[in-house]
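**Student:** Structure of the sequence below:
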Amino acid sequence: MPRGDGTGPVGGRGRGQGGGRPSWAGPGGECVCPACGYREPHERGVPCTEKTCPKCSAFMMRAR
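**Tutor:** Here you go, the predicted model:
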């Protein structure tokens, strides 16, 4: 009978490899502007959502 604390084989707590991050989030990839489509390489340690587009000043997004 399961113990109900999430540590057994039925209801483990771990999220496996990747630690729950989306598969597209990693050191590579691109930042893209949702307004004008401008793209630039993603800079490790700098979230795309904190960057602004050099063409139209909109906030960038991570390309999936």
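
**Student:** list the contacts for residue 35?
**Tutor:** 53, 56, 58 (CB atoms under 8 Å, 6 or more residues apart in numbering). C-beta: built from backbone N, CA, C; applies to glycine.

**Student:** Are we agreed that it is in a helix?
**Tutor:** No: Residue 35 is assigned coil when assessed by DSSP: H, G, I helix; E, B strand; the rest coil, not a helix.

**Student:** Residue 55 and residue 44, how far apart?
**Tutor:** 23 Å (CB to CB, to the nearest Å).

**Student:** Relative to residue 40, which of the contacts of residue 35 is nearest.
**Tutor:** Minimum distance to residue 40 across the contacts of residue 35 is 8.9 Å, recorded for residue 53 (CB to CB).

**Student:** Surely the closest one is in contact with residue 61?
**Tutor:** No: counting by CB atoms under 8 Å, residue 53 does not reach residue 61; the two are 10.0 Å apart.

**Student:** Neighbour count for the two, which is higher?
**Tutor:** residue 53 (20 against 17; other CB atoms under 10 Å).

**Student:** Nearest residue to the more buried one in space, please, no chain neighbours.
**Tutor:** residue 33 (3.9 Å; CB to CB, 6 or more residues apart in numbering).

**Student:** Over to residue 61?
**Tutor:** residue 34 (5.3 Å).

**Student:** and the residue nearest to residue 53, what is it in contact with?
**Tutor:** Contacts of residue 33 by CB under 8 Å, 6+ apart are 39, 53, 55-56, 58, 60-61.

**Student:** Tell me, what's the model's pLDDT at residue 50?
**Tutor:** Residue 50 is assigned a pLDDT of 96 by the prediction.
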